[in-house]
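*Asks:* Generate a structure from the sequence data that follows.
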Amino acid sequence: MARALRGVFQAGERVQLTGPKGRLNTITLATGAVFGTHRGNVKHDDIIGLPDGSVIRSEAGIEYLVLRPLQTDFVLSMPRGAAIVYPKDAANIVTMGDIFPGARVVEAGVGSGALSMYLLRAIGPSGSLTSFERRSDFAEIAQANVTAAFGYLPENWEIKVGSLQEELPKEIKPQSVDRVVLDMLAPWECLDEVSKVLEPGGVLVCYVATVTQLSRVAEDIRSSGLFTEPEAFETLFRGWHLQGLAVRPEHRMSGHTGFLLTTRKLAPGTVLPSFVRKAKPEFDDEDIAVWNPEHLGERKVSEKKVRKSLRAAQRAADSIVGGSDPNQD
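*Replies:* All right, here's what the predicted structure looks like:
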């Protein structure tokens, strides 16, 4: 069933229980089932039929707040193959990339599907999202995660397995895409192919982890002559502790996760004006060597972790679609 966004709780949908000390648990409601805790069982039937934001008691009398999990809650707790794009960065990609309802979007790579969920929400049912992923196991995890989050597999989303450089010209017609989002190790290798599928004025967003990646993609965008002057930024997210007059920053914060770079496709034959910029220092072949992918360092994910994440993601997706228990192997 599709994920319910309003109304009373129904069997088959996921809910989030907040218990003592703020501990969170997410369960899939099923008629007659119980959620066992060391503080007594919580009966699913006590939750089904209640409105969102209700409080129920376990058999031991312990109170639990019941809410539908937000998409951010799901993303931060879902099974992962590759590292996810965190909500703070996804929000900026959607905003600074100007992802709008009805937009035709290309994404690479899909990873665990976190960014895909935000893009699908932003484009709505009238838009289209085509995601490219080199690894078929990551694509399967992403597909299962999106199915579990939405309650169905969106018809306006396609995942293509393979290299973006090779598959993009085969799958996407020239000048038929409004936005391109690249979350990959070496986005500069795909600039020519991306420029061909983007509409004039279309936005390219690159999400990279390191300063050397950011520098390389910025310089290659400039030298290509195909895009506007790139802009780059990062977002730091810090929560605050609120307790009476004890109002202070949290001890932990979500610091650097990645850099975002945005630029726009120029019309064919257009030469970008030579806007005045400070002269940049020269760099030599030794400097350029640190831009090579083998020097950037790609975070490796063990095959065991990928298999475990895939099983967990598929169980969650199956539980939403078929009503089974996602906690059972």
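
*Asks:* which ones are touching Ser274?
*Replies:* Residues in contact with Ser274 (CB atoms under 8 Å, 6 or more residues apart in numbering): none are found. C-beta here means a position set from N, CA and C on the backbone, and glycine is covered the same way.

*Asks:* separation between it and Arg80?
*Replies:* From Ser274 across to Arg80, the span is 45 Å (CB to CB, to the nearest Å).

*Asks:* Where does the prediction get shaky in the stretch 201-329 of the chain?
*Replies:* Counting by pLDDT under 70, the ranges of the stretch 201-329 of the chain that qualify are 275-299, 322-329.

*Asks:* What residue spans form the domains of the chain?
*Replies:* Here the domain assignment for the chain is 1-69, 73-296, based on automatic domain parsing.

*Asks:* Just the strands from the stretch 1-150 of the chain, written as ranges.
*Replies:* Using DSSP state E, counting those that start in this stretch, the strands of the stretch 1-150 of the chain run over 14-18, 24-28, 34-35, 42-43, 54-57, 63-67, 104-108, 128-133.

*Asks:* Lowest average pLDDT across those strands?
*Replies:* The minimum mean pLDDT among these belongs to strand 24-28 (a mean of 90).

*Asks:* Now stretch 176-189: average pLDDT?
*Replies:* Stretch 176-189 shows a mean pLDDT of 96.

*Asks:* Gly32 and Ile159, how far apart?
*Replies:* Per CB to CB, Gly32 is found 36 Å from Ile159.

*Asks:* Please give me every residue in contact with the residue of the chain most remote from its centre.
*Replies:* Among residues of the chain, the one most distant from the C-alpha centroid is Ala60; the distance is 38.8 Å, by CA atoms, centre = their mean. Ala60 is in contact with 39-40, counting by CB under 8 Å, 6+ apart.

*Asks:* Can you list phi and psi of it for me?
*Replies:* Note on Ala60: backbone dihedrals following degrees, to the nearest 10 are phi -90, psi 0.

*Asks:* so what's Pro169 up against?
*Replies:* Listed by CB under 8 Å, 6+ apart, the contact partners of Pro169 are 193, 196-197.

*Asks:* wait, I meant Val271
*Replies:* Gly225.

*Asks:* Could you look up the SS state of it?
*Replies:* coil (DSSP: H, G, I helix; E, B strand; the rest coil).

*Asks:* so how far is Glu166 from the residue farthest from the centre of the chain?
*Replies:* Distance of Ala60 to Glu166, computed by CB to CB: 59 Å.

*Asks:* In the protein, which strand is the longest?
*Replies:* The longest strand of the chain (DSSP state E) is strand 198-208.

*Asks:* Off-centre distance for that strand?
*Replies:* Remark: strand 198-208 is offset 17 Å from the chain centroid, using CA atoms, centre = their mean, to the nearest Å.

*Asks:* Okay, buried residues for that strand please.
*Replies:* Neighbour-count burial for strand 198-208 flags 198-199, 202-208 (criterion: 16 or more other CB atoms under 10 Å).

*Asks:* Widest-spaced pair of those?
*Replies:* Glu199 and Val208 (23.6 Å; CB to CB).

*Asks:* Neighbours of Lys88, how many?
*Replies:* By other CB atoms under 10 Å, 15 other residues sit near Lys88.

*Asks:* Give me the nearest residue to it, chain neighbours excluded.
*Replies:* Using CB to CB, 6 or more residues apart in numbering and skipping the chain neighbours, the partner closest in space to Lys88 is Phe237 (4.5 Å).

*Asks:* Name the residues linked to the one you found by a beta bridge.
*Replies:* Ser254 (DSSP bridges).

*Asks:* For it, list the residues it contacts.
*Replies:* Here Phe237 is in contact with 88, 253-254 (CB under 8 Å, 6+ apart).

*Asks:* same thing with Leu24?
*Replies:* Leu24 makes contact with 16-18, 73, 77 under the criterion CB under 8 Å, 6+ apart.

*Asks:* what do you get if the cut-off is 6 Å, keeping everything else the same?
*Replies:* Neighbour list for Leu24: 16, 18 [criterion: CB atoms under 6 Å, 6 or more residues apart in numbering].
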